[in-house]
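>>> no sequence for this one, just the structure:
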Ligand code: BJW
């Protein structure tokens, strides 16, 4: 391919070597915490203190100086800079490691941990501190309506129109570090494939058998992503 549009989808696996936990691996977040307790709007309505505590802990962890982007985040930024065509980076991750790794405008389809949203006025605000049930909205000054700017089960993911448009036009779809169990992201590979794209998975282990992906590379993201990006840029720039 000589510069055709690319869509990249990343999941928790790309940030694991930066020190953040995945969800569904043996030692992942969902092995210790129930989805129904922390990742639904019903959970927030029932026990917002509990949900705040879960996201406050993860926000503090993300802001720990030891958590830094790894070679995979940096390689994707290099791809964005060096590739002659369009690259849309879509991430299910709520961390900011793509931005810190040099990516310009990753689409955070499941939201961003370093933002808070007021359920009263709808305004989204950059947020680095703990949230509490009494936190005031800096925009409307209402207290009690602030929530993490994340997408819980049953809520509609963000930027869907832009993502769907890119999926039907892309020539290459690359899935990195996601188990492919959560929709609509899990369906992106089939949509891209139906539209004629070549599909590639880079993951610690294959998320599905052969059929959906034309190529599957197994290994840790910090090793296989830079290698894949280097070979893609070499092939593209010598064509
Ligand atoms: C490595 C590695 C290393 C490890 N190197 N790799 C029945 C059928 C179909 C769908 C549904 C259904 N019932 C309900 C639904 C819909 C529901 C859904 O999909 N449920 C399924 C569980 C069945 N989806 C929704 O509700 C979504 N909304 C929706 O569908 O709205 C309708 C709509 C859509 C579109 C248009 C209009 C309307 C919302 C989903 C929200 C997900 N939220 C969460 C939590 C919030 C954010 C947060 O707290 O962080 O998002 S859940 C959690 O899972 C989080 C993640 O972003 C998401 C995906 O996880 P991910 O990234 O794949 O992580 P893991 O842990 O699963 O996988 C890690 C992978 O990395 C593994 O493969 C490892 O091998 C690999 N790995 N180390 C490389 N070093």
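Yep, that arrived. Everything quoted here is computed from the prediction, not taken from an experiment.

>>> got the residue ranges for the helices in the chain?
13-16, 35-38, 41-46, 48-62, 71-82, 97-100, 160-169, 188-194, 221-237 (DSSP state H).

>>> which residues of the protein score low on pLDDT?
Low-confidence segments of the chain (pLDDT under 70): 1.

>>> so which bits of it are right by the ligand?
11-13, 16-17, 22-25, 28, 39, 92, 94, 110, 150-157, 160, 177-179, 181-184, 203-205, 207, 220-221 (CB under 6 Å from any ligand atom). Every residue, glycine included, has its C-beta placed from N, CA and C.

>>> of the helices of the chain, which stretch is the most buried?
The highest average neighbour count among the helices of the chain, using mean count of other CB atoms under 10 Å, belongs to helix 13-16 at a mean of 26.

>>> look up how far residue 63 lies from residue 125.
Computed as CB to CB, to the nearest Å, the residue 125 to residue 63 distance reads 16 Å.

>>> re the thing from before, among the helices of the chain, which is nearest residue 143?
Among the helices of the chain, helix 48-62 comes nearest to residue 143, with 12.4 Å by CB to CB.

>>> for the protein, what's the longest strand?
strand 111-118 (DSSP state E).

>>> report the buried members of the residues of the chain next to the ligand.
By neighbour count, with 16 or more other CB atoms under 10 Å, those hold 11-13, 16-17, 22-23, 25, 39, 92, 94, 110, 150-152, 157, 177-179, 182, 203-204, 207, 220-221 as buried.

>>> and residue 88, bridged to which residues?
Per DSSP bridges, the residues bridged to residue 88 are residue 7.

>>> wait, doesn't it sit right on residue 5?
Yes - counting by CB atoms under 8 Å, residue 88 touches residue 5, with 7.5 Å between them.

>>> shared neighbours of those two, anything?
Common contacts of residue 88 and residue 5, defined by CB atoms under 8 Å, 6 or more residues apart in numbering, comprise 166, 170.

>>> of these two, who's got more company?
residue 88 (21 against 18; other CB atoms under 10 Å).

>>> what residues are up against that one?
5-8, 107, 162-163, 166, 170.

>>> rerun at 7 Å
Counting by CB atoms under 7 Å, 6 or more residues apart in numbering, residue 88 makes contact with 7, 107, 166.

>>> relative to residue 159, how far out is the residue nearest to the last one when sequence neighbours are not counted?
Counting by CB to CB, 6 or more residues apart in numbering, the nearest residue to residue 166 once its immediate chain neighbours are dropped is residue 88, at 4.4 Å. Taking CB to CB as the measure, residue 88 and residue 159 are separated by 10 Å.

>>> what touches both of those two?
Common neighbours of residue 88 and residue 159 (CB under 7 Å, 6+ apart) are residue 107.

>>> that older thread, which one of the helices of the chain lies closest to residue 142?
Closest of these to residue 142 is helix 48-62, at 14.5 Å (criterion: CB to CB).

>>> other SSEs contacting that closest one?
On a contact count with 3 or more CB pairs under 7 Å, 6 or more residues apart in numbering; DSSP states H and E, helix 48-62 meets helix 35-38, strand 111-118.
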